[in-house]
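1. Have a look at this fold, sequence not included:
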């Protein structure tokens, strides 16, 4: 039995079945969802991931989103249990239209995407994480090992009452365009990894 407003069912992947939880009382066509692998308990691995059409579907190398997603799933599968929370927060929460305008400005003016958002008078990052915290609560998880290098994401979940231990998420062999994006993320507060990459 799940909480009110939550739908749950199984899906079958190449590594076996996993369970999906969807918050269907959240407005919009693409509500927050969690994929749960194995028997999860406190201190399991968790990745909170925001949608990225360009990276995940178009296989763009201008960001590290696809690599983050695949690496997180790999680490969760290696451990045998964990949670991937997927949020419809394209363009760091600004939406695909703003993201496209940001890319256009970036390429016209030689700016990074954070600078282009400022040029457009758009917040650099407007993502929120209360729905991620709610999904963790549904799963009865109070303490998690969060796969991220974004201190703001850690702080946001902690503000929702989740005890967070940050686990570094290293992108393997980033290409030239990905490195430029990672350098922009570094300038805007993301943690620096020993390998010189950050996510």
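-> Perfect, thanks for sending it. Only a predicted model underlies this, so the values are computations on that prediction, with no experimental measurement involved.

2. what's the spacing between the helix or strand hosting residue 77 and its chain's center?
-> Assigned by DSSP states H and E, residue 77 belongs to helix 65-79. Relative to its parent chain, helix 65-79 has a centroid offset of 11 Å by Cα atoms, centre = their mean, to the nearest Å.

3. Which other helices and strands does it contact?
-> Contacting helix 65-79 under the criterion 3 or more Cβ pairs under 8 Å, 6 or more residues apart in numbering; DSSP states H and E are the following elements: strand 44-50, helix 53-56, strand 82-87, strand 143-147. From N, CA and C alone the C-beta is placed, and that goes for glycine too.

4. who does the first one touch, helix- and strand-wise?
-> Yep, that's strand 44-50 we're talking about. helix 65-79, strand 82-87, strand 143-147.

5. any chance of these in JSON lines, with distance to residue 167, mean neighbour count and mean pLDDT too?
-> As requested, the helices and strands packed on strand 44-50 are exported to JSON lines (distance: least, Cβ to Cβ, whole Å; neighbours: other Cβ atoms under 10 Å; pLDDT from 0 to 100):
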{"stretch": "helix 65-79", "distance to residue 167": "8", "mean neighbour count": "18", "mean pLDDT": "94"}
{"stretch": "strand 82-87", "distance to residue 167": "10", "mean neighbour count": "23", "mean pLDDT": "98"}
{"stretch": "strand 143-147", "distance to residue 167": "5", "mean neighbour count": "21", "mean pLDDT": "98"}
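
6. Of these, which is nearest residue 129?
-> For the helices and strands packed on strand 44-50, the distance to residue 129 is smallest for strand 82-87, at 7.8 Å, taking Cβ to Cβ.

7. Next SSE downstream of the closest one?
-> helix 96-109.

8. quick one: that next one to chain centroid distance?
-> 21 Å.

9. Check stretch 19-38 too.
-> Computed by Cα atoms, centre = their mean, the separation of stretch 19-38 from the middle of its chain amounts to 14 Å.

10. Reformat the helices and strands packed on strand 44-50 as TSV; add distance to residue 51.
-> Formatted as TSV, the helices and strands packed on strand 44-50 follow (distance: least, Cβ to Cβ, whole Å):
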stretch	distance to residue 51
helix 65-79	9
strand 82-87	7
strand 143-147	17
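
11. so where is this structure shaky, pLDDT-wise?
-> 1-2, 172-199 (pLDDT under 70).

12. quick one: which helix or strand includes residue 42?
-> Per DSSP H and E, there is no helix or strand for residue 42.
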